[in-house]
Structures are given as structure tokens and as C-alpha cells.
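Q: Take a look and give me a structure for this.
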Amino acid sequence: MDSADPATLPTVARLTELYDEYARGNRNVLFDALAEDVVWTSNGGRILPWSGRHTGRAGVEAYFRHLDGEVAIIGYAVERVIAQGDWVIVMAKARARFRNGEEWILAKVDLVRMDGDRIAEFQEYYDSAGLEFAMAPTGGVTRLAGAAALPSMVLAAASPTAGDGGGQGVA
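A: Here you go, the predicted structure:
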């Protein structure tokens, strides 16, 4: 944790518990920790079916249904937690297997606001151009459900076979 404020310790402990459960595949613990009026935002642009603003538990469950339709998260590792009061930044790497069979390790950043032991607000940021490329079949054109074919412009995500050492600890 990157904070000297002892008031953030319970917030970080609770969020760490939730990320650990998520990494084990236990989403029900996450769903049960949502504030009734939670706002869950995935900042990935129009091309990614799970992107957008989702509210309440039903909205967050819909977000995960859209995500699961395109990608399986097969590993998740938190790299750094930075907290100030009820706001927490979580930097992580996810190992993902896409519908096209590709496996990639993708960096992401989550900004989370806690209300006691509940998630009140969640915003995720990642390389949407890299995700588009990772999800593309041979030829560099996306095949996302319901999306028009778009050319991939950038190879921005590192393949897990790249020799950069990224993704260590991601199962």
C-alpha cells in the first residue's frame, strides 16, 4: 500500500479481500459488496461490448455477462494499491483468453470509491486499442459480438510470450 494514512487501512484491507475473491473466481462476494446505488464504469469505448456506465447490482451483473461473452479472465494479479481516504487505485494485470483463442496479459487500472465496506463507485481503465487487437482474428479485423469490423491500428498489449517479464504472478 502506498499510503501513510492509517484511516485508509480498513478500506485497503476490504478491497484487497474483494480482489482476492475475484481472482479466485468468486464474483458473488463482489456482487454482495456493491452499494445499492453503485456506479460501475468501464472506459473502453464503443467497440468493447462491456464498456459504459452500469448502475446497481443488475447493471454490474450485465457488465460481467457482456465481458464473459468475449473473454475469460484466467488469471489476475494486483501489482500495486494506492489509497487516500475512501478512494483506492488498483494497478493489476489480467491474463485473458479471448473468443479467438488468443491469450494475452493486459495491464489495467481501477479507481474505486468505497463507502464503508461497500463499493460505491468503480472505474476501470485499460488499453482498449490493445484489447481490440488481442480480440481480432487473423488479419487484424475485430470480430466482437454486434460490432462492425474495424481494422486494428495498434499492437499495444504485450503477448504473454513477450520477453518483457510483464505479467509475472498472473496465473
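
Q: And the helices in the chain, which stretches?
A: Taking DSSP state H as the test, the helices found in the chain are 9-23, 27-32, 56-68, 128-135.

Q: winner for burial among those?
A: helix 128-135 (a mean of 21; mean count of other C-beta atoms under 10 Å). For glycine as for every other residue, the C-beta is placed from the backbone atoms N, C-alpha and C.

Q: Low-confidence stretches in the protein?
A: 1-4, 136-171 (pLDDT under 70).

Q: Tell me how far the nearest residue to Tyr63 once chain neighbours are set aside lies from Ala92.
A: Leaving out its chain neighbours, the residue that sits closest to Tyr63 by C-beta to C-beta, 6 or more residues apart in numbering is His54, at 4.6 Å. Going from His54 to Ala92 by C-beta to C-beta, to the nearest Å gives 19 Å.

Q: what does Arg65 give?
A: Distance from Arg65 to Ala92, by C-beta to C-beta: 21 Å.

Q: Same check on Trp104?
A: Taking C-beta to C-beta, one finds Trp104 at 14 Å from Ala92.

Q: likewise Arg46?
A: Per C-beta to C-beta, Arg46 is found 24 Å from Ala92.

Q: The two: who's more crowded?
A: For Arg46 versus Ala92, neighbours defined as other C-beta atoms under 10 Å are more numerous around Ala92 (22 against 9).

Q: ok now do the more buried one, which residues does it touch?
A: 19, 76-79, 107-110 (C-beta atoms under 8 Å, 6 or more residues apart in numbering).

Q: Go through those residues and flag which are in strands.
A: 76-79, 107-110 (DSSP state E).

Q: now these: which count as buried?
A: 76-78, 107-110 (16 or more other C-beta atoms under 10 Å).

Q: Name the nearest of these relative to Ala35.
A: Nearest to Ala35 among those is Asp110, at 15.7 Å by C-beta to C-beta.

Q: List the contacts of that closest one.
A: Taking C-beta under 8 Å, 6+ apart as the test, what Asp110 contacts is 89-90, 92, 122-125.
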